[in-house]
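Novice: any chance you could fold what I've pasted below:
(one chain, ligands or ions: 1)
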Amino acid sequence: MNSSSQILKPSGSKHKLFVYIVGLTAALSGLLFGIDAGVISGALSFIKNDFNLTTGSTEMVVTAILIGAIIGALASSFISRKYGRHFSLVVSAAIFSIGALLSATAINVNMLILVRIFLGIGLGIASSTAPVYLSEMAPKSIRGRLITVYQFMITLGILIAYLSDAFLISYSYSWRWMLGITFFPAFLMFLCVLTLPKSPRWLVLLGKVREARSVLSRIRNHDEIEDELAEIRNTFNQSAPMASLLKSRQFMKVLCLGMILQIIQQMSGINAVIYYAPKIFQYAGFSTDTQQMWATVLVGLVNMLVTIVSIAYIDKLGRKPILYFGLLLTSTSMLCLGYLFHIGLTTVFAQYFAVALVLIFVCGFATSLGPIIWILCAEIYPLRVREIGMTVATVTNWVFNAIVGGFFLTVVNSIGIASTFVGLSILSYLSLIFIIGFCPETKGVSLEKIESNLMAGNSCRKLGG
Ligand code: BGC
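Specialist: Modelled structure (predicted):
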């Protein structure tokens, strides 16, 4: 075993427990990511009736949280650098808790939109801080796995949101409960985050070496502490040329790669399905709210179950073969859906076939673009500028999430649902071509090797060697 793996391998139940708590915290932000993104789809038709929403204001209610998330993701670099990653997570959990209560008690659509922007700020801060905090607390050896578990928790959050929507539709028809229910996981996250230590790397950055040593003594073996502390101090001592690294061609290359990968993830149309699933099933001929909601629950369930399967195969089969497989499924299922809507869903068989195609699309996304885009973005940036790279990637994700969420209904209303699906399918086929030509295969390659390949001038495709 080499010295770096010795440094990073936690052992002893005390240390494992701390790593577990850190993982749980990140997972809780993933859970809130999923719940807040998913809960609106079931609540939407009731909010629409209560507040007489137009198509424009309906889209605004959906998009408000995404606009907030962009602001939050941008603000998070500053907050976590100046006040710490721990403080950022506490702030985001507080925003989630207060926002959940305020959105449940909104008196008109304007208040609801403002509260959802506020909630989104929490979401943006959490979604870009949690991976950074995680990477600074966790041993490198389990960082990749935690990112996949984080994605799994996003899908679990979406499923919980759908289930609560479906039960509330069946039993009470109250959208206020649907939005208010997020208070419970948010408050749980708040309590958990309060118990976590500050990031030792951030403490070293501030020159608080004694405090960093004391945190490390809680999460590493006694004989690992000084070596790791020295490694962290070295890294930050070398961070002076960060400004020139930021301007380098190499960093620009991976910055663009990360942004394009996030655009590909969002332009697959996943959030058209996640946010507007009941509406899509309504177009497919399922006329009652209950039918639409239970078909939507099936979407959430398949999304979550397939993500579990992908956890098992991601490190065995490699990123690229899984991306090829997933993108072929997403593009082809969208094309078939477009054709089906074009010829018209006149029989019950055609209606169920449409549901099956939506589920095949979700399978394709959950095996590939869902987890792998976040994994690749966590792997491709050099250590010293990883936080900045991740912030840019996260903002790109939310911007394109907002574009899809904000314009899906408008596009459907102007060109029709069949052409919209065919358009999304063409984008997925183009994404497949990009992945073949430019995406690296990073399976089994260390982060350091990826960084040295980048600095040696390798093309994006050759970053894995
Ligand atoms: C995406 C989200 C999406 C979710 C669906 C995530 O990886 O970033 O936008 O809603 O997967 O499972």
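Novice: quick one: buried residues of the lengthiest helix in the chain?
Specialist: Counting residues, the longest helix found in the chain (DSSP state H) is helix 13-51. Neighbour-count burial for helix 13-51, with 16 or more other CB atoms under 10 Å as criterion, is recorded at 15, 18-19, 21-48, 51. Every C-beta, even on glycine, is put in place using the N, C-alpha and C of the backbone.
Novice: so which bits of the stretch 351-465 of the chain are right by the ligand?
Specialist: Within the stretch 351-465 of the chain, the positions lying close to the ligand (CB under 6 Å from any ligand atom) are 370, 374, 397, 401.
Novice: and those as TSV, adding pLDDT?
Specialist: Below are those laid out as TSV (pLDDT from 0 to 100):
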residue	pLDDT
370	93
374	86
397	94
401	88
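Novice: ok, and the most crowded of the residues you listed?
Specialist: When neighbours are counted by other CB atoms under 10 Å, residue 397 leads these with 27 neighbours.
Novice: and that one, what does it touch?
Specialist: 127, 262, 265, 266 (CB atoms under 8 Å, 6 or more residues apart in numbering).
Novice: what strand or helix carries the last one?
Specialist: Using DSSP states H and E, residue 266 sits within helix 249-267.
Novice: which element is the residue of the stretch 101-250 of the chain found nearest the ligand on?
Specialist: Across the stretch 101-250 of the chain, the shortest distance to the ligand (CB to the nearest ligand atom) belongs to residue 155, at 4.7 Å. Assessed by DSSP H and E, residue 155 sits inside helix 143-171.
Novice: of all the residues in that helix, which ones are buried?
Specialist: Buried residues in helix 143-171 (16+ other CB under 10 Å): 143-144, 146-166, 168-169.
Novice: try stretch 210-221
Specialist: Using 16+ other CB under 10 Å as the test for burial, stretch 210-221 gives 211, 212, 213, 215, 216, 219, 220, 221.
Novice: for the closest residue to residue 440 other than its chain neighbours, give me its contacts.
Specialist: Nearest non-adjacent residue to residue 440, counting by CB to CB, 6 or more residues apart in numbering: residue 463, 3.7 Å away. Neighbouring residues of residue 463 by CB under 8 Å, 6+ apart: 254, 380, 440, 442, 450, 453, 454.
Novice: for residue 463, phi and psi?
Specialist: As for residue 463, its main-chain torsions (degrees, to the nearest 10) stand at phi -60, psi -30.
Novice: and it, how far is that from the ligand?
Specialist: With the distance defined as CB to the nearest ligand atom, to the nearest Å, residue 463 ends up 21 Å from the ligand.
Novice: what's the distance between that residue and residue 453?
Specialist: 5 Å (CB to CB, to the nearest Å).
Novice: next one: residue 343
Specialist: Distance, residue 343 to residue 453, by CB to CB: 49 Å.
Novice: and residue 193, by the same measure?
Specialist: 36 Å.
Novice: just want to know which of the two has more residues nearby.
Specialist: Between residue 193 and residue 453, residue 193 has the larger neighbour count (other CB under 10 Å), namely 24 against 19.
Novice: need the contact list for the more buried one.
Specialist: The contact partners of residue 193, by CB under 8 Å, 6+ apart, come to 25, 86, 89, 90, 93.
Novice: quick check: closest non-adjacent residue to it.
Specialist: Closest to residue 193 by CB to CB, 6+ apart is residue 89, at 4.6 Å.
Novice: quick one: the one you found and the ligand, what's the gap?
Specialist: 19 Å.
Novice: and that residue, how many neighbours does it have?
Specialist: That count, for residue 89 with other CB under 10 Å as the rule, works out to 28.
Novice: that one reaches residue 196, doesn't it?
Specialist: Yes. With contacts defined as CB atoms under 8 Å, residue 89 counts as touching residue 196 at a distance of 7.5 Å.
Novice: and for the two, which residues touch both?
Specialist: When contacts are counted by CB under 8 Å, 6+ apart, the set common to residue 89 and residue 196 consists of residue 25.
Novice: residue 395 contacts residue 67, correct?
Specialist: No. With contacts counted by CB under 8 Å, residue 395 stays clear of residue 67, the gap being 11.7 Å.
Novice: do the longest helix of the chain and the ligand meet?
Specialist: Yes. Part of helix 13-51 sits near the ligand under the criterion CB under 6 Å from any ligand atom, namely residue 37.
Novice: next one: residue 71, what pLDDT does it get?
Specialist: Listed pLDDT for residue 71 reads 93.
Novice: mind checking how far it is from residue 368?
Specialist: 29 Å.
Novice: give the contact list for residue 317.
Specialist: Taking CB under 8 Å, 6+ apart as the test, what residue 317 contacts is residue 443.
Novice: one more pass at 10 Å, please.
Specialist: 310, 325, 367, 443 (CB atoms under 10 Å, 6 or more residues apart in numbering).
Novice: name the element the last one belongs to?
Specialist: What it means is residue 443. Using DSSP H and E, no helix or strand contains residue 443.
Novice: hmm, it is touching residue 321, no?
Specialist: Yes. Using CB atoms under 10 Å, residue 443 is in contact with residue 321, at 9.3 Å.
Novice: ok, those two, which is more surrounded?
Specialist: residue 443 (16 against 13).
Novice: now the closest residue to that one other than its chain neighbours: phi and psi?
Specialist: Closest residue in space to residue 443, ignoring its immediate chain neighbours: residue 318 at 4.0 Å, by CB to CB, 6+ apart. Dihedral pair for residue 318: phi 100, psi 160, per degrees, to the nearest 10.
Novice: do you know how far residue 285 is from residue 273?
Specialist: Residue 285 is 17 Å from residue 273, by CB to CB.
Novice: between the two, which is the more surrounded one?
Specialist: residue 273 (23 against 16).
Novice: the more buried one contacts residue 358, doesn't it?
Specialist: Yes. Counting by CB under 10 Å, residue 358 is a contact partner of residue 273 at 6.3 Å.
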